[in-house]
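Colleague: Coordinates for the following, if possible.
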Amino acid sequence: MVERFEKFSFSIFELTRLWHKLASDEMAKYGLKGPHATYLTTLYRYEDGITAPQLCELCGKDKADVSRMMSIMEKKGLVVKEAVGNNMYRGLLKLTDEGKIAAQHVRERVALAVDLAGKGVSDKDREIFYSSLEIISANLRKLSEEGLPESAD
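Modeller: Got it, this is the predicted structure:
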């Protein structure tokens, strides 16, 4: 069991580290950091815009991170916040035309990275892998919320 834990932990850490490096390399072209890639690709899917709380939920980030990242992207001219009615509090975050171009480029680079990273993995193995990963993630989420039981029984 401990060996499985170590292998799992190392693999997840390694995947995360390598993904962040690739994302950082790509986002540097825009004067941004790696985490901005997730925000760009997410905002791209919502042409009519989304609220900051929705972006938090979709990206798995807290309000402070979303606020900080959107501020940077607004200053770069990639994102704009539009009021809903007269209320900026629940305003919609939208990509500018320049932001859409950047997001499309990032999406293309992400697709290439995913294709190349999955080279040699069959469709069946990929399906099993993602299914297993979702199950493990759900189980770990539950454990993190409820805490570890005293025994596995």
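
Colleague: what about the host helix or strand of residue 41, distance to the chain center?
Modeller: In this assignment (DSSP states H and E), residue 41 forms part of helix 36-44. On the basis of Cα atoms, centre = their mean, to the nearest Å, helix 36-44 sits 7 Å off its chain's mean C-alpha point.

Colleague: Okay, domains of this protein per the record?
Modeller: 2-119, 120-153 (automatic domain parsing).

Colleague: Using a markdown table, please lay out the ones you listed together with mean neighbour count.
Modeller: Any C-beta I mention is one placed from the backbone N, CA and C, and that applies to glycine too. Below are the domains of the chain laid out as a markdown table (neighbours: other Cβ atoms under 10 Å):
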| stretch | mean neighbour count |
| --- | --- |
| domain 2-119 | 14 |
| domain 120-153 | 9 |
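
Colleague: For those, give me TSV that also has mean pLDDT.
Modeller: Formatted as TSV, the domains of the chain follow (pLDDT from 0 to 100):
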stretch	mean pLDDT
domain 2-119	92
domain 120-153	92
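
Colleague: For the spatially most central residue of the chain, list the residues it contacts.
Modeller: By Cα atoms, centre = their mean, the chain has its centre lying nearest to residue 38, at 4.0 Å. Contacts for residue 38 (Cβ atoms under 8 Å, 6 or more residues apart in numbering) come out as 23, 59.

Colleague: So it versus residue 90, what's the distance?
Modeller: Residue 38 sits 22 Å away from residue 90, going by Cβ to Cβ, to the nearest Å.

Colleague: repeat for residue 57
Modeller: In terms of Cβ to Cβ, residue 57 sits 14 Å off from residue 90.

Colleague: What of residue 102?
Modeller: 25 Å.

Colleague: can you tell me which helix in this protein is longest?
Modeller: Among the segments of the chain that qualify as a helix by DSSP state H, the longest is helix 2-27.

Colleague: any idea how far it is from the chain center?
Modeller: 14 Å.
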